[in-house]
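Chemist: Model the following, please.
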Amino acid sequence: MNDSTRPDYVRFGNYELSNKLLSLENAMVNDLTGKEVDQIAVLGRESNRSSDYRLDITAESLSKIHNLESLEIKIQFDPLLFESLNASDVRISSLLPIQNSITIDNVAGTVTLSGASLASLAQGSMINKEAALASIDLSFDNDYLKTIAFDQNTGKLAISPITFQMNVGENEVIFSRNFTDETGQRDRSIQSLAELGGDVALSSSKIARW
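Modeler: This is a model prediction of the structure:
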């Protein structure tokens, strides 16, 4: 029986998902307009400059009683499509300023991000609603794109669409909640996603390359 009053219950469209405690989303954004895009022109007269795009990543605690304190995520992309990333191309939100870490592997095509907050000490902020987590500047490798077959009429590349995979370190995703114990004292519980037996709702925009 589904119980919509449960703190770890969330409804996505027509699907009822229990124990989804964390939501992570990524979206390709036109860096000039700030708008999310669902197709990208990378060849011909309609194409933007190759560095005009960024990947925005957002996070949200789906629990009604838990706040997100820290996390570690890995974003995977096709390394052939993009020019090599530098540390300056990746930014982590000021919400998680403690023990920030950015690891880039341009051969494997991965970016691993981690960070934490100490909101009680006025360092960063806990996340309990959708918030910007990180952004990655991306530049297409135009030399590689020229080697890929495409439709002469539409310009659509044979390898469309672009997707970005995300993975989460369940022991590094930390939640906290405040409560009052049996003596009437306020207390705080800190647990990992693994300890809570929680799951993650991942959403990755599929971008058509044109």
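Chemist: Isn't Ser84 up against Asn106?
Modeler: Yes. The criterion here is Cβ atoms under 8 Å, and Ser84 meets it with Asn106 at 4.4 Å. All C-beta atoms are positioned from the backbone trio N, CA, C, and that covers glycine.
Chemist: So for this structure, which residue is the most central one in space?
Modeler: Ile57 (3.4 Å; Cα atoms, centre = their mean).
Chemist: So what sits opposite that one in the bridge?
Modeler: Using DSSP bridges, the bridge partners assigned to Ile57 are Asn26, Ala134.
Chemist: From Ala134, how far off is it?
Modeler: 5 Å (Cβ to Cβ, to the nearest Å).
Chemist: Please identify every residue contacting each of those two.
Modeler: Counting by Cβ atoms under 8 Å, 6 or more residues apart in numbering, the contacts common to Ile57 and Ala134 are Leu113.
Chemist: In which helix or strand does the residue of the chain most remote from its centre reside?
Modeler: Largest separation from the mean C-alpha position in the chain: Thr183, at 40.1 Å (Cα atoms, centre = their mean). Under the criterion DSSP states H and E, no helix or strand holds Thr183.
Chemist: Over to Ser176?
Modeler: strand 174-180.
Chemist: Bridging across strands, which residues link to the closest residue in space to Asn167 that isn't next to it in sequence?
Modeler: Nearest non-adjacent residue to Asn167, counting by Cβ to Cβ, 6 or more residues apart in numbering: Lys74, 4.6 Å away. As for beta bridges, Lys74 partners with Thr112, Asn167 under DSSP bridges.
Chemist: how many neighbours does Asn171 have?
Modeler: Neighbour count of Asn171, defined by other Cβ atoms under 10 Å: 11.
Chemist: ok, it to Leu95 distance?
Modeler: 20 Å.
Chemist: where does Ser4 land on pLDDT?
Modeler: Per-residue confidence (pLDDT) for Ser4: 38.
Chemist: before we move on, what about Asn14?
Modeler: Asn14 is given a pLDDT of 34.
Chemist: again, but for the one 4 residues further on
Modeler: In the predicted model, Ser18 carries a pLDDT score of 54.
Chemist: And for Arg91?
Modeler: We have a pLDDT of 92 for Arg91.
Chemist: Assumed it was part of a strand.
Modeler: Yes. The assignment for Arg91 by DSSP: H, G, I helix; E, B strand; the rest coil puts it in a strand.
Chemist: Okay, it and Gly115: tell me how far apart.
Modeler: Arg91 is 11 Å from Gly115, by Cβ to Cβ.
Chemist: Then Ser23?
Modeler: 17 Å.
Chemist: ditto for Met28
Modeler: 22 Å.
Chemist: now Val29
Modeler: 21 Å.
Chemist: between those two, who's got more neighbours?
Modeler: Using other Cβ under 10 Å as the criterion, Val29 and Gly115 rank with Gly115 on top: 24 against 19.
Chemist: In three-state terms, label the more buried one for me.
Modeler: Following three-state DSSP, we place Gly115 in the strand state.
Chemist: what about the helices in this structure?
Modeler: Under the criterion DSSP state H, the chain contains helices at 142-145, 193-196.
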